[in-house]
Structure formats: structure tokens, C-alpha cells
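S.K.: Turn this into a model:
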Amino acid sequence: MSRSTLHASVLASLLAIWSAGSAQAHSPYLRPNVFDATRRDHVTVEAAFTEEVFNAEVAMRSDHFHVLGPTGDAPITAVTYLRDLAVFEAPTPVDGLYRLSSGPREGRASKMYRAADGWRMVGEEDGPPPPGAELVDVQSITVAEVYVTRGAPDAAALRPLGRGLELLPLIQPGDIVAGEDAAFRLLFDGRPVADAVVTVFREAGQYDGRTIEAELRTDASGEIRLRVSDPGAYMTQVRHRIPSPPGAPTPYRSYTHTLTFAAHAG
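M.R.: Reported below is the predicted structural model:
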């Protein structure tokens, strides 16, 4: 293949990626059938990727689904995979707080470049990278989580795991009330992440068109104070793009964390 032919082939491939725009920017989520599992011994959870929050489009596959609760950390292995979503049951055998998680999922390698306001992924923007932008290889690591309460909650599931990206509520998730502040802290490998953008999506947005509730930045301690305007289901999303550890297959990693929660009427 001649150099000019090779250049044309590479350019065509990149243009195909760029023209996809936000179509490749699917977000992972977990959505339980109930957030309050009082007097229930399980909840049923859907796991999927979506461009419109809680509107399942692509089934989420993971070897690390698990539930952390008052009785410890247990893997979830009985998962039904459909084309648009995955479904599993998470046990809630005793009263307490349960943290349901996809665990870390390694995605495909792609390209990103550094812009004035941080790293940008090729294919997630409206147009191609600017002229002269240096493209680097990056692998995505995604985690989707949600909390479910049965009876009187405890605090064990709110403790940081100390690995990967975590957005931890600093109040009981069942106490989040529309119109009132709720504090969260963002950690990476157990350390606070400052100046990170946390986007909050509304389930009601698919009906009234107001998809994003808020975009907030973490302070020096990794904290945000989030106030949603209406009762309903919401999802936070945050990304953290950094150099990979030694021996990783790509020089950079893009970590994405989402947390589903419900806000109640005051």
C-alpha cells in the first residue's frame, strides 16, 4: 500500500469515528426496581448503557457484579443478558444499606487528546480534534453503582473501598430530599479528586427535555453539594483521565463512574 493510500485510509477511519459524534458516548448505569427494599429479601436490577439516562440501549456485561451490605461483599453471578439490558437479582436478607456495583469494567482502547479544559475523547465531541492535536491511546474503565436501603440503614456500605473512582454519599442515600443539599465526596484510589466535573442527569428529562439537572465541580477535598429540584431518579456521572500504571496496555486510562439515586419529596 502506498503512503498516500495509507494516509487516505487512516483519514477515512478517523472521519468515520468523528462523524459518530456523541453516539459513542454511552453511559453505564444500574437501576433497581425499588430503592427502598424494606420487607423484601431482594431487589431486581437492570444494567445497561444509554445515551438517555435509564433508557436502556446496550446490555452491560461484567464479570464483577457484586453487592456490599451488612453481611459482607458477595458476587452476583446469575445474570440474564438481553440485547438492550442485563438483569439480575441482588439479595437484601437483613436490614441495612446495600451498595450494588458493576465492578470495574475494562472497555475498548480508543484515542484522546488534551484540550484547554482537559482531556477529550475522540468520538465524544461534535467535531474532529483541532489541527495539531496529539492523539494518545487510552483504555476506558467504567463502574456503575446504586444504593438500596432495607429498614434501618447502617454505614458499612458507605466506606470507601480505596480503589478506582468512587463517588460516595456523605449522608444516607435514602435521606436525599429534593430541594435540600446532599454532600458527596469523589475519591480515586482512596484519595480526594479536586476540580472534577460531576454531571447530574434526570430521569424526567426524557419526558420534559431537561436532561441535565446540574454540573458541579469538586472542591479541594473532593466534595460537592448537590441539590435537585424535583423528586425522582437521578444519575451522577464523572470522568477521570490519567496516565496508566506501569505495564498497562495503553499509556492512559479514562475512568468513568456513575451513581444512581432517588430524591424524595420533603
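
S.K.: Counting neighbours, what do you get for Met112?
M.R.: 24 (other CB atoms under 10 Å). In this view, the C-beta of every residue, glycine as well, is placed from N, C-alpha and C.

S.K.: er, Val87 I mean
M.R.: Look at Val87: counted by other CB under 10 Å, it has 17 neighbours.

S.K.: my read: it touches Val45, true?
M.R.: Yes. In this structure, Val87 is within contact of Val45 by CB atoms under 8 Å, at 7.1 Å.

S.K.: Next, the distance between the ends of stretch 239-249.
M.R.: 20 Å (CA to CA, to the nearest Å).

S.K.: Same question for stretch 190-209.
M.R.: Start-to-end span of stretch 190-209 (CA to CA) is 36 Å.

S.K.: mean confidence score for it?
M.R.: Mean pLDDT, stretch 190-209: 95.

S.K.: same thing with stretch 62-82?
M.R.: Across stretch 62-82, pLDDT averages out at 97.

S.K.: can you count the residues close to the closest residue to Ala196 other than its chain neighbours?
M.R.: Sequence neighbours aside, Thr218 is the residue nearest to Ala196 in space, at 4.8 Å (criterion: CB to CB, 6 or more residues apart in numbering). Applying other CB under 10 Å, we find 21 residues neighbouring Thr218.

S.K.: residues contacting Thr218?
M.R.: The contact partners of Thr218, by CB atoms under 8 Å, 6 or more residues apart in numbering, come to 185-186, 192-196, 198, 224.

S.K.: just Thr260 next, same as before
M.R.: 29-32, 54, 144-146, 233-235.

S.K.: run the last query once more with 6 Å
M.R.: Contact analysis of Thr260 by CB atoms under 6 Å, 6 or more residues apart in numbering lists 29-31, 146, 235.

S.K.: need the strands for the stretch 51-200 of the chain, in chain order.
M.R.: Ranges of strands in the stretch 51-200 of the chain, per DSSP state E, counting those that start in this stretch, are 58-59, 66-69, 72-75, 79-81, 86-91, 96-101, 105-115, 118-121, 136-150, 165-169, 182-188, 191-192, 197-202.

S.K.: Go through the ones you listed and pick out the most buried.
M.R.: Comparing these by mean neighbour count (mean count of other CB atoms under 10 Å), strand 96-101 comes out on top with a mean of 24.

S.K.: confidence score at Ser229?
M.R.: 96.

S.K.: Show me what the helix or strand containing Glu215 is packed against.
M.R.: Glu215 belongs to strand 212-217 when assigned by DSSP states H and E. Under the contact definition 3 or more CB pairs under 6 Å, 6 or more residues apart in numbering; DSSP states H and E, strand 212-217 sits against strand 197-202.

S.K.: and the closest residue to Gly118 other than its chain neighbours, which of the three is it?
M.R.: If the residues on either side of it in the chain are set aside, Gly118 comes closest to Arg241, at 7.3 Å by CB to CB, 6+ apart. With DSSP: H, G, I helix; E, B strand; the rest coil as the basis, Arg241 sits in strand.

S.K.: Pretty sure Arg241 sits against Trp119.
M.R.: Yes. Counting by CB atoms under 6 Å, Arg241 touches Trp119, with 4.0 Å between them.

S.K.: Can you list the buried residues in stretch 170-184?
M.R.: Applying a neighbour-count criterion of 16 or more other CB atoms under 10 Å, one finds 172-174, 176-178, 182, 184 buried in stretch 170-184.

S.K.: Spell out the secondary structure type for the closest residue to Ala194 other than its chain neighbours.
M.R.: Leaving aside its sequence neighbours, Ala194 sits nearest to Ala220 (CB to CB, 6+ apart; 5.0 Å). With three-state DSSP as the basis, Ala220 sits in coil.
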